[in-house]
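Peer 1: just coords:
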């Protein structure tokens, strides 16, 4: 899958109110997920797989950031060195479009992805 394919097939769906987990979107047909699933998948694509994904995070060449949409809703975006920012509201790598609130350290990313395995 590439970014164009992700953008063409992504369909936003809300996580459970009580179980917000992260996962890489995959499969055929619509790719259903929320903003954090989109961010994980976009970074996974940009890094060429899980090894590059984790290497970028632990070497601080990538970072997930919380932000707020204009409507006030909490939202997730991801930054990668040399590429810029991406999120499902702004689905191409480039300059940041939304204000940064606080980062999600990579141990938190591990926890959220592990929660997605038992969802």
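Peer 2: Perfect, thanks for sending it. Computed from a predicted structure; not experimentally measured.

Peer 1: quick one, what contacts the one residue sitting closest to the centre of the chain?
Peer 2: Centre of the chain computed as the mean C-alpha position; nearest residue by Cα atoms, centre = their mean is residue 39, 1.3 Å away. Residue 39 makes contact with 64, 76-78, 86-88 under the criterion Cβ atoms under 8 Å, 6 or more residues apart in numbering. C-beta here means a position set from N, CA and C on the backbone, and glycine is covered the same way.

Peer 1: ok, residues contacting the helix or strand of the chain with the lowest mean pLDDT?
Peer 2: For the chain, counting by mean pLDDT, DSSP states H and E, helix 106-117 ranks last in confidence among helices and strands (a mean of 88). Residues outside helix 106-117 that contact it (Cβ under 8 Å, 6+ apart): 19-23, 36, 40, 54, 57-58, 64, 104.

Peer 1: Any chance of TSV for those residues, columns secondary structure?
Peer 2: Listed next are the contacts of helix 106-117 as TSV, based on DSSP: H, G, I helix; E, B strand; the rest coil:
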residue	secondary structure
19	coil
20	coil
21	coil
22	coil
23	coil
36	helix
40	helix
54	helix
57	helix
58	helix
64	strand
104	strand
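
Peer 1: out of those, which are buried?
Peer 2: Listed as buried from the contacts of helix 106-117 are 20-23, 36, 40, 57, 64, 104; burial here means 16 or more other Cβ atoms under 10 Å.

Peer 1: Of those residues, which pair is most distant in space?
Peer 2: The span of the buried ones among the contacts of helix 106-117, defined through Cβ to Cβ, is set by 20 and 57 at 18.9 Å.

Peer 1: And the least confident helix or strand of the chain, what's buried?
Peer 2: 106, 109, 112-113, 116.

Peer 1: related to what we said a few turns ago, and the residue nearest to the centre of the chain, that's in a strand?
Peer 2: No - assessed with three-state DSSP, residue 39 is helix; it does not lie in a strand.

Peer 1: Any idea how many residues pack against the nearest residue to residue 26 once chain neighbours are set aside?
Peer 2: Leaving aside its chain neighbours, residue 26 sits nearest to residue 1 (7.1 Å; criterion: Cβ to Cβ, 6 or more residues apart in numbering). Neighbours of residue 1 under the rule other Cβ atoms under 10 Å: 14.

Peer 1: Sounds good, over and out.
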